[in-house]
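# What would the 3D arrangement of this be:
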Amino acid sequence: MGATRKNNKTKMPKPTEGSPVVKWILVIVSITFLSTFLVLPLVNVFAQALSKGVNYYFNCLMLPESKSAIRMTLTISAIVVPMNMIFGVAAAWAVTKFRFPGKALLLTIIDLPFSISPVVAGLMYVLLYGLQGHLGQWLDEHDIQIIFNVPGMVLVTTFVTLPFVARELIPVMQASGVEQEHAALTLGASGWKTFWYVTLPSVKWGLLYGIILCNARAMGEFGAVSVVSGHITGKTDTMPLMVEKFYNDFNSVAAFSLSSLLAMLALVTLAVKTWLEWREEKYNQKG
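Residues are numbered from 1 along each chain as shown. The predicted structure is shown next:
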């Protein structure tokens, strides 16, 4: 009886084992899907951008409108990413290290930008800060312009990118626990030193992931920025907005040239993320 049970046990396939036919069908379906919806469109962007030669490609990027859009995109990212980094660290630290009323509500609010369309988010800010909005008259009287200006673009980009750093840090901080912080405080370290020398090093990889994702989202944002920017060429156009303008003006090569630059930034972001994941895995193996 015992031998029969042993034989039955050894004949059972492992959960990861399966039919070779099924395996290759799944692989082919995955490759076909990725090729159709990811690789081919990406290759087409670069092919269209270089369709009139490398010199024409760089000339398109050197157009005054293109350079202004690139500067605006980088400027907004340079403002938004540090703001979201500070908020993300503070929110994640508060949620994971302290108990307070309304913690569940705070987590829900952090996730709110994920559930709201960027266009609706832009409209929300127009209805609040626009000339006909609740604060519009007061802002106009004090000669402060937010909508159809850079501050409005920064606000909506901050809104749509707000969850990324916090949502990367919260699970990492939860996994690290509070024992190290308690030990540091017991040994006489101040709250700031505990955060700087104990908490932050333990979550540095999660923080870097969040910053990378936040930056990628900020550079590629279209919907919310389109609502509040006013589409003023040379002043409030970002790269995604300028792509649309070039395409609508039948300058498709210039549109694809800017699109290829955005695609390259995305690929660089992916490469950095992959490198960080490799470093983290290597670091954990050493630890």
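# burial count for residue 223?
16 (other Cβ atoms under 10 Å). From N, CA and C alone the C-beta is placed, and that goes for glycine too.
# Next, the contact list for it, please.
By Cβ atoms under 8 Å, 6 or more residues apart in numbering, residue 223 lies in contact with 117-119, 121-122.
# so residue 151 is in which element?
Secondary structure assignment for residue 151, by DSSP states H and E: helix 150-161.
# Please apply the same query to residue 83.
Applying DSSP H and E as the criterion places residue 83 in helix 64-97.
# what's the average pLDDT for that helix?
Taken as a whole, helix 64-97 has an average pLDDT of 93.
# Show me how far it is from its chain's centre.
Chain-centre distance of helix 64-97: 10 Å, with Cα atoms, centre = their mean, to the nearest Å.
# can you pull the buried residues of it?
65-66, 68-70, 72-73, 76-77, 79-81, 83-85, 87-89, 91-93, 95-97 (16 or more other Cβ atoms under 10 Å).
# quick one on the thing from earlier: from the chain's centre, how far out does the helix or strand following the helix holding residue 151 sit?
Tracing the chain C-terminally past helix 150-161 and defining elements by DSSP H and E, one meets helix 163-176 next. Relative to the centre of its chain, helix 163-176 is centred 14 Å away, using Cα atoms, centre = their mean.
# Using PDB, write out every CA atom in helix 163-176.
Extracted C-alpha coordinates of helix 163-176, given in PDB (Å, rounded to 0.1, in the frame of the first residue of the first chain):
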ATOM      1  CA  PRO A 163       0.600  58.000  -6.600                       C
ATOM      2  CA  PHE A 164       3.700  56.600  -8.300                       C
ATOM      3  CA  VAL A 165       6.400  57.200  -5.600                       C
ATOM      4  CA  ALA A 166       4.100  56.600  -2.700                       C
ATOM      5  CA  ARG A 167       2.700  53.400  -4.100                       C
ATOM      6  CA  GLU A 168       6.200  52.100  -4.800                       C
ATOM      7  CA  LEU A 169       7.400  52.900  -1.300                       C
ATOM      8  CA  ILE A 170       4.500  51.700   0.800                       C
ATOM      9  CA  PRO A 171       4.900  48.000   0.200                       C
ATOM     10  CA  VAL A 172       8.700  48.300   0.600                       C
ATOM     11  CA  MET A 173       8.400  50.100   3.900                       C
ATOM     12  CA  GLN A 174       5.800  47.600   5.100                       C
ATOM     13  CA  ALA A 175       8.100  44.700   4.300                       C
ATOM     14  CA  SER A 176      11.000  46.300   6.100                       C
END
